[in-house]
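1. I'd like to go over a predicted model; first the sequence, then the structure.
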Amino acid sequence: MNQPDPWRYHRILKRVSVVSILVFFLTSAFVFLAGIDTGSLVVRVLGYGWMLLVVVMLTVTHEVRCPQCGHRFYANGSWFKQMTKRCLHCEQEKYADLDARLKPEV
């Protein structure tokens, strides 16, 4: 039976982060290459928008749950490690098969 991907939310967050960083750098390059005044309202709004996006993404990432144990994947108490490749609670590897621990080795 086909089960839903337990790592779907992690992949969506990763894609949103990569796309937003790409858009930020392309917009910055356009602003500087086009000679737009960096003190203008448009540039300030883009800067504040970027800061808001970073805060929202950090908050959302903090709340992501591990599909294996159900605890926060990137946070353990006051410790927050956004770049970890393993759950800070159960040591489950990111994007690994959840049934791998249950299958006997042959």
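-> Noted; the coordinates are in hand. All figures in this text were calculated on a predicted structure; none of them were measured in a lab. Numbers count the residues shown, from 1 in each chain.

2. Near Val45, how many other residues are there?
-> Here the count is done by other C-beta atoms under 10 Å, and Val45 has 10 residues near it. (C-beta placed from N, C-alpha, C; glycine too.)

3. list the helices and strands the helix or strand that contains it packs on?
-> Using DSSP states H and E, the element containing Val45 is helix 41-62. If you count contacts as 3 or more C-beta pairs under 8 Å, 6 or more residues apart in numbering; DSSP states H and E, helix 41-62 packs onto helix 8-33.

4. what angle do the helix it packs on and helix 41-62 make?
-> Here helix 8-33 points in a direction 160 degrees away from that of helix 41-62 (axes from the mean of the first three to the mean of the last three C-alpha atoms, to 10 degrees).

5. picking that back up, which positions in the helix holding Val45 come out as buried?
-> Val43, Leu46, Trp50, Leu53, Met57, Thr61 (16 or more other C-beta atoms under 10 Å).

6. can you list contacts of that helix?
-> 13, 16-17, 20, 24, 27, 31, 36-37, 72, 74-75, 80, 82 (C-beta atoms under 8 Å, 6 or more residues apart in numbering).
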